[in-house]
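Enquirer: for reference, the sequence and a predicted model appear below.
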Amino acid sequence: MPLVPEAIERLVTEFGRLPGIGPKTAQRLAFHCLRTPAEMTERLGAALQQLHQQVQPCARCFFIADGDLCAICSDPRRDPALLCVVEEALDVVAVERSGEFRGLYHVLGGALSPMDGIGPDELRIAELERRAATDEVREVVIATDPDVEGEATAYYLGERLAAAGVTVTRLAHGLPAGADLEYADELTVARAFAGRRAL
Amino acid sequence: MPAGRCAITRLRLYQFRNYPAATVTLGPAVNVIAGANAQGKTNLLEAAATLALTRSPRTSTTGDLVMWGQAACAIEGSVARPGGDTTLALRLERNGDSARVSRTATVDGKPRPARSVLGLCPVVMFWPDDLQLVKAGPDARRRLLDILLMQLEPRMAAHMSRYRRVLEQRNALLHRLRTEGHGGSELDGFTRELAHHGARIAVARSQLVSALAPLANAALRDLSGGDEDLVLSYVAAHQCVCDNEEQSKLDLLAAYRAHASEELARAVSVIGPHRDDMSIQLGGRSARTTASQGQQRSIVLAVKLAEMRHLAQRTGASPVVMLDDVLSDLDQTRRGLLVSLLAGRDAAQVLITTTEPLHNTADMRDAQHFTVTRGSVVPDV
């Protein structure tokens, strides 16, 4: 007979699949769940179960939605002339937190990465092209990550959307506000210099 | 002449390779670390170099540095430098059962990004493989330049890792293009990224070689007294002059266009700093094909001395020099000259490993001596 009951072993395995969770943390979490009252673990279980039942990608921008369209796409105050292209749904949350952008989004679902077999067909680029080609859209802001894959994707999108007759812009690379220049990484500082503007 | 020297005064290892735990108090000048084979002499030098560079110059499998069966290892070094003393530490931890290793660097107890440690304790290393520097393939010469470069300009370390990443992505894409026939439209984006980082690396390396060249020529005179000129020059695969980043980037992009069909046929990126080289000429001829064995050794020593003097000029302090079992491969004259230069005029801290005890040799009389036995280091009395 195994030392630990199978129910716990199963939970450890599932926790262990989560990002940033190693085998020891998975074990600690599983035993923590065992010690907490049943109603708490039931709430956790219910929350997990409802996740996929109630949440789905937005039919227009592929951000997360609890209906057909997400909260942003169904907000009449948003400016449909502006599209901000991001890699992941979490990036929408980051841009929203800034309160700077009042347009709509388009979530690609990743970035070009030939090593992982991800080409344009694996991303929601055809959908973006269709949206950009509508008369409503005037500007597409590309806000992919400033890493190798994000930069290559931004360039690719710039070329591909040129045909759609919209203005395509790339988010500026700058210094993090509130951070010491001294501790910013060298590439960030270099890019911030390249993107400097007159005062 | 440097104003001072950089010296590792105390080195502590914990579960690093074959060292369960060890603390070594090193002297400011020549330190001789003796011991039979496979006792841990090289591992000690590797630990010091890994601390200074935040990664091992000997292996790309970082997990190998952690003692077999253990989860983590640590290296800590007290570094004396003209600008004030500092303590560097590096901790490597295996992530669960995966091969990934997480790396935490601290400076005076405060966590710092690994790249900000680069250059705090400049090092010049001389491994037995370096004796082949003239004859070996170009990657040995590129590695020499890159290790020196990232200590002088830590931002270059970021360009190098970006470059390696784009190169992998671009080669994967070229491979797919060849086998499946599609993907051509994505290539440009990766090509531009490759040229962006590649141009910066090529220009920095080329400037570095220009700075090293006169130093190496002078060092060769010190060592051999010959009258043939030693000329080092950077040879870029895309044949650019490499003195301007923007121009170099345009040159690279043009070269990629010119080599498009070759790249497609071979499914690899054929242009860029990963294909560049440093040419070494003696008396106007390629040292690789015409220099004698002895001349080639002198050239290697001269290049190493040039590395050291350039670091000293740029940082204001002599770097720590590590010689791993290379003295035994040198004849008496070259060995004596090298040691007297390092300990005398260049005033560097030197860590030497050797299988034969050097107590009684004239050039080692003032050195501190240590013996390594199965992962423990003991000073000789």
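Expert: Received it, and whenever you're ready, just let me know what you need.
Enquirer: determine the three-state secondary structure at B:Ala348.
Expert: coil (DSSP: H, G, I helix; E, B strand; the rest coil).
Enquirer: that one and B:Ile8 touch, don't they?
Expert: No - B:Ala348 is beyond contact range of B:Ile8, at 11.6 Å (criterion: CB atoms under 8 Å). (Each C-beta comes from the backbone N, C-alpha and C, glycine too.)
Enquirer: which one of these two has more residues nearby?
Expert: Neighbour count, other CB atoms under 10 Å in any protein chain shown: between B:Ala348 and B:Ile8, B:Ala348 has more, with 28 against 25.
Enquirer: what do B:Ala348 and B:Ile8 both touch?
Expert: B:Val320 (CB atoms under 8 Å, 6 or more residues apart in numbering or on different chains).
Enquirer: now do the biggest helix by length in chain A, average pLDDT.
Expert: Taking DSSP state H as the criterion, chain A has its longest helix at helix A:38-54. In this model, helix A:38-54 has a mean pLDDT of 91.
Enquirer: please name every helix or strand in contact with that helix.
Expert: Contact partners of helix A:38-54 among helices and strands, from 3 or more CB pairs under 8 Å, 6 or more residues apart in numbering or on different chains; DSSP states H and E: none.
Enquirer: chain center to the following helix or strand past that helix, what's the gap?
Expert: Tracing the chain past helix A:38-54, the next element assigned as helix or strand by DSSP states H and E is strand A:56-57. Between the centre of strand A:56-57 and the centre of its chain there are 13 Å (CA atoms, centre = their mean, to the nearest Å).
Enquirer: and what of stretch B:143-158?
Expert: 8 Å.
Enquirer: what residues does it touch?
Expert: Contacts of stretch B:143-158 (CB under 8 Å, 6+ apart): A:185-187, A:189-190, B:52-53, B:57, B:115-116, B:118-119, B:122-125, B:130, B:133, B:160, B:200-201, B:204-205, B:208-209, B:278, B:303, B:307, B:310-311, B:314-315, B:319.
Enquirer: burial check on the closest residue in space to B:Ala71 that isn't next to it in sequence, number of neighbours?
Expert: Of all residues not flanking B:Ala71 in the chain, B:Arg94 sits nearest, at 5.3 Å (CB to CB, 6 or more residues apart in numbering or on different chains). Per other CB under 10 Å, the neighbour tally for B:Arg94 reads 18.
Enquirer: can you give me the helices in the chain?
Expert: No chain specified, so I'll use chain A. A:6-16, A:23-35, A:38-54, A:89-98, A:125-133, A:148-161, A:186-194.
Enquirer: my bad, chain B
Expert: Using DSSP H, helices in chain B cover B:41-53, B:138-152, B:155-180, B:184-224, B:245-258, B:260-266, B:287-290, B:293-315, B:332-340.
Enquirer: retrieve the pLDDT associated with the residue in the stretch 101-250 of chain B that chain A sits nearest to.
Expert: In the stretch 101-250 of chain B, the residue that lies nearest chain A is B:Arg155 (3.0 Å; CB to the nearest CB). Here the pLDDT value assigned to B:Arg155 is 86.
Enquirer: what number of residues lie near residue 107?
Expert: Chain wasn't specified; assuming chain A. A:Val107, neighbours per other CB under 10 Å, totals 25.
Enquirer: chain B was what I was after
Expert: Neighbours of B:Val107 (other CB under 10 Å): 15.
Enquirer: how close does B:Leu264 get to B:Trp68?
Expert: According to CB to CB, to the nearest Å, B:Leu264 and B:Trp68 sit 45 Å apart.
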